[in-house]
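[1] here is my input, please return the structure:
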Amino acid sequence: MNEIPAFLDSERPDVPDLVVPRGVVPFHLVDAPVRGRLVRLGPLAEALLARHAHPAPVSALAGEALALVACLASGLKFHGSFSLHARGDGPLRTLAADCTETGALRFYAALAEGVPLPADTALSAGALLGAGHIAFTIDQGADRERHQGIVATHGETLAAMAEHYYVTSAQLAASLQLACAATASGWRAGGLILERLADRPGAESEAAEEGWRTATLLAATLTEAELLDDRLAPEILLQRLFHETGIVLGQPRALAFGCRCSRARLAAILEGFPPHDLDDMAVGGDIVMTCEFCAIDFRFPRASLGSG
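    Next up is the predicted model:
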């Protein structure tokens, strides 16, 4: 069966047609060997997170994961998807989020069965995931080699775990801030990443190190409220943070709702099952498949599949 692109699939249920034009604002500092990106999902966070009935701590961590993959993907040159996949022995067994080169975002989270998790309990990423690992993967399709880095879930916050990945796998110094919270306008999520660049030829390493230290100290003054405030323009926020060091802003990039499920793709999966399995899946004459990323149900009449 030929797969129909999602945007041409007339039988695909509606999903939010939502784009945040200035979701990622890249920048570099004039007086320090530092580049960075400010990420703000805005109403996109509500559109992605509110589709799932997850407890609040899980939604908050998922929002941070979405901001993180947007931070990391927007600093790379690739064609495909950049993904985070975390697994551990805590109450949140699986957390996955990915971002395409065009800024399309999606996520999936799965709780351990039989482990209660009160919705109003504040739990850190370390407490939710427990002991485990996070895999960061660049997937550019079947004809290209995948690039992957895997690190242990080291630290209590997702930002600390990502910084650990930078040090151990990317071998770069990085500073990360992530935030996600339910606000009066709905869920909001964002992130700020600083990356230490190689010293310029002829530059004094001591001065470069001082520039990096100053940049991280200035970034640390960023509050969660500022990071998540839709009313505070990203350009103003960045100028407020780094006016002492001088800052040059790059071309903003868009972020969007980006689940890539389609009726054609799921039908192709079902066609691979033997008839008796399809019979077992059918309820009231239909087979219902739910996309775990966007929470959309696809209904297939059993008679339209296999030898039904």
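
[2] please enumerate the strands of the stretch 201-308 of the chain.
    247-249, 253-257, 286-290, 297-301 (DSSP state E, counting those that start in this stretch).

[3] repeat for the stretch 51-200 of the chain
    So, for the stretch 51-200 of the chain - with DSSP E, counting those that start in this stretch - the strands run 81-88, 92-100, 104-111, 132-139, 147-152, 174-183, 186-196.

[4] using CSV, lay out the strands of the stretch 201-308 of the chain together with mean pLDDT.
    Shown next, in CSV, are these (pLDDT from 0 to 100):
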stretch, mean pLDDT
strand 247-249, 97
strand 253-257, 94
strand 286-290, 77
strand 297-301, 76
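
[5] can you list the domain ranges for this protein.
    Under automatic domain parsing, the residue ranges defining each domain of the chain are 18-257, 263-304.

[6] save those as JSON lines, and put in mean neighbour count too.
    Just so you know, the C-beta spots here come from the backbone N, C-alpha and C atoms, and that holds for glycine as well. Listed next are these as JSON lines, based on neighbours: other Cβ atoms under 10 Å:
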{"stretch": "domain 18-257", "mean neighbour count": "18"}
{"stretch": "domain 263-304", "mean neighbour count": "14"}
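
[7] which of those domains has the lowest average pLDDT?
    Ranked by mean pLDDT, the domains of the chain bottom out at domain 263-304, with a mean of 77.

[8] re the thing from before, I'd like the strands of the stretch 51-200 of the chain as a markdown table, with distance to residue 218 appended.
    Listed next are the strands of the stretch 51-200 of the chain as a markdown table, based on distance: least, Cβ to Cβ, whole Å:
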| stretch | distance to residue 218 |
| --- | --- |
| strand 81-88 | 27 |
| strand 92-100 | 26 |
| strand 104-111 | 28 |
| strand 132-139 | 27 |
| strand 147-152 | 27 |
| strand 174-183 | 10 |
| strand 186-196 | 9 |
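
[9] tell me which of those strands approaches residue 278 most closely.
    strand 104-111 (24.6 Å; Cβ to Cβ).

[10] can you show me the CA trace of the closest one as CSV?
    Presented in CSV, the C-alpha positions along strand 104-111 are these (Å, rounded to 0.1, in the frame of the first residue of the first chain):
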residue,chain,number,x,y,z
ALA,A,104,7.6,20.0,13.8
LEU,A,105,7.2,18.7,17.4
ARG,A,106,5.5,15.7,19.0
PHE,A,107,5.9,13.7,22.2
TYR,A,108,4.8,10.4,23.9
ALA,A,109,4.8,9.5,27.6
ALA,A,110,4.0,6.2,29.2
LEU,A,111,3.5,5.5,32.9
